[in-house]
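Colleague: no sequence on this one, just coordinates:
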């Protein structure tokens, strides 16, 4: 069977009326899949052009943020800019924006105007709180969505460990997750429009906080049914063990996820403690979670005698999921990332 090397979304054209992260992330995903993305930037350019480290006077981050896109500078607040946008819309399947709700309408670029220019247009709207509800008017960034959606709390330190605030992830998870939902929604809406021939605008309404909330597994129904709030666990989780970060002798950290009975038994053999799997405290997951601190101390005692490479040779030979916690330098040199052209 022959496989085409043509980009999957080669027949999709997208107009980006976005800035900062969420909407540009959404369109970047579509562009990477072959969509023709036209990015509208304000006079002076997207703010991200000036963010982060610079090389040759250019933002390095921008090379990721703006890749595979065609860019045009327009002042959409002016009538002539609005008319050019509507003319571009006539040739597009999707419009993606992440302004505060109501801003497009103020510019005369709301769903009705877009659908008049291009019947059946798909409009992806990414905002802090969504297009409706009592908080819709509020501004929000990814970090606000992460806090509002509960992730920042869960990513904090266990109680009584420190009085430091819950740390942020180091990247804009809220924006990126919302952008992914926007891309999925756009493709679903395009499929529907092409199958039905609908002429009205299809609006995909994505809220940063809701996108993050969707990642919280069973935390919400757990609270609804039991009244219990899932608490921060640091580098562990309160549902399975052992799955944690353990110190190595070179000061780096090794993540081991041996949280099933067969994997735990294999880990015990690797550590030279096969009898540990039959210890009444650790013989099943419930017991291992209950005695997590004792178990983690035993595993850490073993990992402290080894470098990550030495530990991983033994763990991988036993098919136990494990990895060193990577820095970006580790990522850049990783053979798997390189083999799959991620780096």
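Modeller: That came through fine. None of these values were measured; they are calculated from a predicted model. Numbering: from 1, shown residues only.
Colleague: hang on, residue 21 packs against residue 179?
Modeller: Yes - counting by CB atoms under 8 Å, residue 21 does reach residue 179; the two are 7.4 Å apart. Every residue, glycine included, has its C-beta placed from N, CA and C.
Colleague: more neighbours: which of the two?
Modeller: residue 179 (30 against 26; other CB atoms under 10 Å).
Colleague: the nearest residue to that one once chain neighbours are set aside: which element?
Modeller: Nearest non-adjacent residue to residue 179, counting by CB to CB, 6 or more residues apart in numbering: residue 25, 3.3 Å away. Assigned by DSSP states H and E, residue 25 belongs to helix 22-32.
Colleague: list the buried residues in that helix.
Modeller: Under the neighbour-count criterion of 16 or more other CB atoms under 10 Å, helix 22-32 has 22, 23, 24, 25, 26, 27, 28, 29, 30, 31 buried.
Colleague: next one: stretch 175-186
Modeller: 175, 176, 177, 178, 179, 180, 181, 182, 183, 185, 186.
Colleague: cool, and stretch 318-330?
Modeller: Quick answer for stretch 318-330 (16+ other CB under 10 Å): 320, 322, 323, 324.
Colleague: and stretch 114-129, end to end?
Modeller: 23 Å (CA to CA, to the nearest Å).
Colleague: and it, how far out from the chain's middle?
Modeller: 23 Å (CA atoms, centre = their mean, to the nearest Å).
Colleague: make residue 1 into 182 and carry on from there
Modeller: In the new count, where the first residue is 182, that last one comes out as stretch 295-310.
Colleague: buried ones in it?
Modeller: By neighbour count on 16+ other CB under 10 Å, the buried set for stretch 295-310 is 295-296, 298-299, 301-310.
Colleague: what do you get for stretch 376-393?
Modeller: For stretch 376-393, burial by neighbour count (16+ other CB under 10 Å) applies to 382, 383, 384, 385, 386, 387, 388, 389, 390, 391, 392, 393.
Colleague: over to stretch 485-494?
Modeller: Applying a neighbour-count criterion of 16+ other CB under 10 Å, one finds 487, 489, 492, 493 buried in stretch 485-494.
Colleague: got any ranges where the stretch 282-431 of the chain has weak pLDDT?
Modeller: Counting by pLDDT under 70, not a single residue of the stretch 282-431 of the chain qualifies.
Colleague: I'd say residue 279 and residue 199 touch.
Modeller: Yes - using CB under 8 Å, residue 279 is in contact with residue 199, at 4.9 Å.
Colleague: now for the longest helix seen in the chain, which elements pack on it?
Modeller: The helix spanning the most residues in the chain, taking DSSP state H as the definition, is helix 354-377. If contacts are counted by 3 or more CB pairs under 8 Å, 6 or more residues apart in numbering; DSSP states H and E, helix 354-377 sits against helix 203-213, strand 275-278, strand 303-308, helix 323-329, strand 383-388, helix 389-394.
Colleague: how much does that helix deviate in direction from strand 303-308?
Modeller: Orientation of helix 354-377 against strand 303-308 (axes from the mean of the first three to the mean of the last three CA atoms, to 10 degrees) gives an angle of 160 degrees.
Colleague: quick check, distance from helix 354-377 to the centre of its chain.
Modeller: From the chain centre to the centre of helix 354-377 is a distance of 15 Å (CA atoms, centre = their mean).
Colleague: and if you look at stretch 259-270?
Modeller: 32 Å.
Colleague: then stretch 502-509?
Modeller: 18 Å.
Colleague: other residues contacting it?
Modeller: 426, 429, 433-439, 444, 489, 492-493, 496-497, 511, 515 (CB atoms under 8 Å, 6 or more residues apart in numbering).
Colleague: any of those residues buried? List them.
Modeller: With burial judged by 16+ other CB under 10 Å, the buried subset of the contacts of stretch 502-509 is 426, 429, 434-439, 444, 489, 492-493, 496, 515.
Colleague: could the buried residues of stretch 376-393 be laid out in JSON lines, adding distance to residue 337?
Modeller: Formatted as JSON lines, the buried residues of stretch 376-393 follow (distance: CB to CB, whole Å):
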{"residue": "382", "distance to residue 337": "41"}
{"residue": "383", "distance to residue 337": "38"}
{"residue": "384", "distance to residue 337": "35"}
{"residue": "385", "distance to residue 337": "32"}
{"residue": "386", "distance to residue 337": "29"}
{"residue": "387", "distance to residue 337": "26"}
{"residue": "388", "distance to residue 337": "23"}
{"residue": "389", "distance to residue 337": "19"}
{"residue": "390", "distance to residue 337": "17"}
{"residue": "391", "distance to residue 337": "21"}
{"residue": "392", "distance to residue 337": "20"}
{"residue": "393", "distance to residue 337": "15"}
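Colleague: and of these, the nearest to residue 419?
Modeller: Of all those, residue 393 has the smallest distance to residue 419: 19.7 Å, by CB to CB.
Colleague: over to the spatially closest residue to the closest one that is not a sequence neighbour: give its phi and psi.
Modeller: Among residues not flanking residue 393 along the chain, residue 330 sits closest, at 2.8 Å (CB to CB, 6+ apart). When quoted as degrees, to the nearest 10, the phi and psi of residue 330 stand at phi -80, psi 0.
Colleague: in contact with residue 330, which residues?
Modeller: By CB under 8 Å, 6+ apart, the residues touching residue 330 are 355, 389, 390, 391, 392, 393, 394, 395, 396, 397.
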